[in-house]
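*Asks:* Predicted model follows, preceded by the sequence.
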Amino acid sequence: MSDAPRETEAKFRVADRPALEERLAALGAVPGARQDEVNLLLDDDDGSLRSRGCALRVRTVGGRGLLTYKGPASFDGGVKGRLELESGVDAPGNVLALLEALGFRPRFRYDKRRTPWRFAGPARPLVVVDETPLGLFAEIEGESGAVRALAAELGVAEESFLRASYFGLWQAAREVDPDLPEDMVFGE
């Protein structure tokens, strides 16, 4: 599957959102509309996907959905790469019911308020700024060299790239604070 779609990204914590967004704008990126996401990670009762380093996710934004399968991650320094297969879905609830009938149930929910930043032209990576209940993060997605180059332009050292997924970050936070809820959701 050498032609299979791959996700290549670097994730990092954002300490100063205005400074990051000012730098993105200075480099020519334009922000898109903020999207409120609900993400559900699914697995079977044995946790077979997670045990293989894979993920099955249904993301809902504005009533529409995106079904995603992610293969095991590999790292080139701090940049993560993995197989990523996605398809839009008109009825996320129906897809969740179908997956549950096949033995895959929601195991973790994480909410995000995502703002995409796009550059003109295909050579520059996509940057997303994610507000989460755990704090502010950004991801740079694109070709590995372009991800590193843009991170350097933004003043983000590769040593600060995070290897953990949002699930992993939340689980680590729950080890420190066991009173956190099981899912990473915004308070009502």
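*Replies:* All right, it came through fine.
*Asks:* Next, count neighbours for residue 162.
*Replies:* 16 (other CB atoms under 10 Å). (Each C-beta comes from the backbone N, C-alpha and C, glycine too.)
*Asks:* Check residue 115 too.
*Replies:* With other CB under 10 Å as criterion, residue 115 counts 18.
*Asks:* now the protein, which segments are flagged as low pLDDT?
*Replies:* 1-2, 188 (pLDDT under 70).
*Asks:* Strands of that one, start to end?
*Replies:* Under the criterion DSSP state E, strands of the chain are mapped to 6-13, 30-31, 35-43, 55-61, 64-70, 74-76, 79-89, 105-118, 126-132, 135-141.
*Asks:* I'd like these laid out as JSON lines, including distance to residue 180.
*Replies:* Output for these, formatted as JSON lines (distance: least, CB to CB, whole Å):
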{"stretch": "strand 6-13", "distance to residue 180": "17"}
{"stretch": "strand 30-31", "distance to residue 180": "30"}
{"stretch": "strand 35-43", "distance to residue 180": "17"}
{"stretch": "strand 55-61", "distance to residue 180": "21"}
{"stretch": "strand 64-70", "distance to residue 180": "24"}
{"stretch": "strand 74-76", "distance to residue 180": "27"}
{"stretch": "strand 79-89", "distance to residue 180": "24"}
{"stretch": "strand 105-118", "distance to residue 180": "12"}
{"stretch": "strand 126-132", "distance to residue 180": "12"}
{"stretch": "strand 135-141", "distance to residue 180": "13"}
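*Asks:* between those, which gets nearest to residue 173?
*Replies:* strand 135-141 (9.2 Å; CB to CB).
*Asks:* Partner strands of the closest one and their direction?
*Replies:* According to DSSP bridges, strand 135-141 has the following sheet partners: strand 6-13 (antiparallel), strand 126-132 (antiparallel).
*Asks:* Would you mind writing the CA trace of the shortest one as CSV?
*Replies:* Extracted C-alpha coordinates of strand 126-132, given in CSV (Å, rounded to 0.1, in the frame of the first residue of the first chain):
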residue,chain,number,x,y,z
LEU,A,126,-1.8,22.9,7.1
VAL,A,127,-1.7,24.2,10.7
VAL,A,128,-4.6,23.6,13.1
VAL,A,129,-5.0,25.2,16.5
ASP,A,130,-7.0,23.0,18.9
GLU,A,131,-8.6,24.2,22.0
THR,A,132,-9.2,21.2,24.3
